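In: Sharing a sequence plus its predicted fold:
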Amino acid sequence: MKLGSRPDTFYTAESVRTVASEVSSDLIIQVKGCRYLLHKFPLLSKCLRLQRLCSESPDSPQHQIVQLPDFPGGVEAFELCAKFCYGVTITLSAYNIVAARCAAEYLQMAEDVEKGNLIYKLEVFFTSCILQGWKDSIVTLQTTKALPLWSEELAITNRCIEAIASKALSHPSKVRLSHSHSRRLRDDVSSCNGTESLRHRSTSKGWWAEDLAELSINLYWRTMIAVKSGGKTPSNLIGDALKIYASRWLPNVRRNGLVIKETTESDSDSDSASEVTSKHRLLLESIVSLLPPEKGAVSCSFLLKLLKAANVLNASSASKVELARRVGLQLEEATVNDLLIPSVSKTNCLLYEVDLMMTILEQFMLQGQSPPTSPPRSRLTIERRRSRSAENIMFELQENRRSSSVSHSSKLKVAKLVDRYLQEVARDVNLPLSKFIALAETIPDFSRHDHDDLYRAIDIYLKTHPELNKSERKRLCRILDCKKLSMEACMHAAQNELLPLRVVVQVLFFEQARATAVGGKVTDMPSNIKALLTAHGIDPSKHTAPLSTTTSIHADDNWSVSGFKSPKCVTRNSTLRMKLAEDVLDENDVASDKIGRTSKSKGLRSQPKRMFSKLWSTNRSATQKN
């Protein structure tokens, strides 16, 4: 908008701004280091504040001096007001209307001073043009950052936010992009690219997200609150808008935890690293507070990126817990790389934040959705079910069959995901055994159809931590179930020197039981299993009786293994006996320290031999029967 008709007669002479006129100036106004030689009559007739200041200051022989050190908008805004008083043509747009409006308010250029004064004209232009255009409203809102207090007092900020929110809730075809850019839009429509852009804009539901991403975080937060309060915008569009804004302003997080600052925002040289981190932390926490409550409104990958940034930026615990809770609700969508959150803690030397992963898994399990097929019922299981709270029982009754099926499928996916995650964190030499076991045990047993991936993780952990003693290795192997191992896993575990000997024996035991159960013939077994049985004194060419899986085995021996590739060679029978003898000797030492030289220690000495001889005697008796 243009106001005034006279040509611009302002000029600079010896660092002083003045007006070309036949009448000598009688008023000197100083604005932030700049001096203006002007005239009282055109200014005082429209500016009530200058009238009062001139009446309070003593007259000088030639010029009266007025100091305006706190003038809003600076020299540019004052010159706009001064030119308006002189009738010089001025151009107003979304880029300078905020400064002009604040300056006019400061000078008190209202209607009661003179009809058609600057405040009235600016308000008409602001209401009828600026707030009606989409781009103009955003540009004007951005310029309020320079004068936040004045903009709030004059309600410029609120009115811009309300206008933007109302347009975001409308169909894009009903929104005028901009008053200032209307001519440019018409030129774009005439071109091929402009037509394509306009067509894309009219069909996109989240057309407003890219434009709002230019706002600072404070203004963006208030605008998104206004958009959400309208209740017409789907949660997934809110999530997409937050993702666009986060990718625009949040720093990237490398695998090693370092932060790379985006080049889209240039901080001054005076900004320290802590100040930049504080800005990013505020931005992140604001984005977290804007996340829609609905599950699936944002992707799990995006939530984990926010969690990584929150960990690096040392965000509040509330933000981290909220992100972990949301990740847990849709954990089945995650990938292993997403879950590898770099550790930045100075108290430990871990590569990844395993504790955060534990929190995510706990949140996932707290969803309380029961699987469609439960484990085999036992008296203990029935008693546990009876002791559960009435709240959980009612929740299970309210679940329909479809939601239960989805829940069980999610748990199967998460079990695979956790086992592969364990394979990655197992390479960390500083990862405690207790944390590794706690992560593995978080997943219920029925969620793992096989233990191959879990065995890979355990094998990697054993290779990375050769300092583990026998009791620790036994503790680690208790989380395995040898009945859920593939053929390759059994072959690998049978020759794995890092595993406890009892694990190797149990692998052979259950593999033979499985082979005899299929067709009742050991001869149907693969050649590699035949080689193993032959090496251990079992004749695979003869029929053997099926082995009972309920054979009495010590509680410490109830472990299992999962697999890798087929072994290149098979452990010899002599080697197995030698390792068994070593295992017995070590157990004798431990038993003598704890319970002394009693009859109990004798039972402990003979227990591994009894277990191994029982496996052999079962096969021999079956052979004799044949």
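Out: Sure, I can see it.
In: residues contacting the closest residue to Gly328 other than its chain neighbours?
Out: Once flanking residues are discounted, Gly328 sits nearest to Gln363: 2.8 Å by Cβ to Cβ, 6 or more residues apart in numbering. No exception for glycine: its C-beta is placed from N, CA and C like everyone else's. Each residue near Gln363 by Cβ atoms under 8 Å, 6 or more residues apart in numbering is listed here: 324-325, 327-329.
In: can you list those residues in CSV and add pLDDT?
Out: Formatted as CSV, the contacts of Gln363 follow (pLDDT from 0 to 100):
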residue, pLDDT
Ala324, 94
Arg325, 93
Val327, 95
Gly328, 93
Leu329, 92
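In: mind checking the SS state of the residue nearest to Gly328?
Out: helix (DSSP: H, G, I helix; E, B strand; the rest coil).
In: Find me the pLDDT at it, would you?
Out: Listed pLDDT for Gln363 reads 90.
In: In this protein, where is pLDDT below threshold?
Out: Confidence mapping of the chain against pLDDT under 70 gives the ranges 58-61, 172-174, 176-205, 253-271, 368-406, 518-626.
In: how about the strands of it, start to end?
Out: Ranges of strands in the chain, per DSSP state E, are 2-3, 10-13, 16-19, 27-31, 34-38, 64-67, 90-91, 252-253, 259-260.
In: closest one to Arg502 among the ones you listed?
Out: Across the strands of the chain, Arg502 has its closest neighbour in strand 252-253 (43.9 Å, Cβ to Cβ).
In: Quick one: the contacts of Gln363 as JSON lines, columns for neighbour count and distance to Thr233 too.
Out: Below are these laid out as JSON lines (neighbours: other Cβ atoms under 10 Å; distance: Cβ to Cβ, whole Å):
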{"residue": "Ala324", "neighbour count": "24", "distance to Thr233": "26"}
{"residue": "Arg325", "neighbour count": "16", "distance to Thr233": "23"}
{"residue": "Val327", "neighbour count": "27", "distance to Thr233": "24"}
{"residue": "Gly328", "neighbour count": "21", "distance to Thr233": "26"}
{"residue": "Leu329", "neighbour count": "18", "distance to Thr233": "21"}
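In: What's the separation between Ala457 and Asp211?
Out: 47 Å (Cβ to Cβ, to the nearest Å).
In: Of those two, which one has the most company?
Out: Ala457 (26 against 18; other Cβ atoms under 10 Å).
In: so what's the more buried one closest to, chain neighbours aside?
Out: Leu422 (3.6 Å).
In: In this structure that neighbour contacts Phe436, no?
Out: Yes. Contact criterion Cβ atoms under 8 Å: Leu422 and Phe436 qualify, at 6.8 Å.
In: Mutual contacts of the two, please.
Out: 457, 461.
In: what about the two, which has more around it?
Out: Per other Cβ under 10 Å, whichever of Leu422 and Phe436 has more neighbours is Leu422, with 26 against 21.
In: which ones are touching the more buried one?
Out: Shown in contact with Leu422 (Cβ under 8 Å, 6+ apart): 436, 439-440, 453-454, 457, 461.
In: Nearest to Thr233 among the residues you listed?
Out: The shortest approach to Thr233 among these belongs to Leu439, at 38.6 Å (Cβ to Cβ).
In: The closest one and Met358 touch, don't they?
Out: Yes. With contact defined as Cβ under 8 Å, Leu439 and Met358 form a contacting pair (6.4 Å).
In: Ala457 is in contact with Asp428, isn't it?
Out: No. With contact defined as Cβ under 8 Å, Ala457 does not count as touching Asp428 (11.9 Å).
In: just to revisit the earlier point, ok, which pair from the contacts of Gln363 is furthest apart?
Out: Longest span within the contacts of Gln363, Cβ to Cβ: Ala324 and Leu329, 10.0 Å.
In: Count the residues that sit near Glu79.
Out: Quick note: Glu79 (other Cβ under 10 Å) scores 19 neighbours.
In: Against Val503, how distant is the closest residue to it other than its chain neighbours?
Out: Distances taken as Cβ to Cβ, 6+ apart put Phe10 closest to Glu79, at 6.9 Å, once the chain neighbours are dropped. According to Cβ to Cβ, Phe10 stands 92 Å off from Val503.
In: The two: who's more crowded?
Out: Val503 (24 against 15).
In: Distance-wise, check Thr277 relative to Asn314.
Out: 8 Å.
In: Would you mind telling me which of these two has more residues around it?
Out: Thr277 (16 against 11).
In: Leaving out sequence neighbours, find the closest residue to that one.
Out: Counting by Cβ to Cβ, 6+ apart, the residue nearest Thr277 is Leu313, at 5.9 Å.
In: which residues sit in contact with the one you found?
Out: Contacts of Leu313 (Cβ under 8 Å, 6+ apart): 259, 277, 280-281, 284.
In: And those, which is closest to Met1?
Out: Using Cβ to Cβ, the contacts of Leu313 come closest to Met1 at His280, 38.9 Å.
In: The closest one is in contact with Pro251, isn't it?
Out: Yes. Distance between His280 and Pro251: 5.8 Å, which falls inside the contact criterion (Cβ under 8 Å).
In: Thanks again, I'm all set now.
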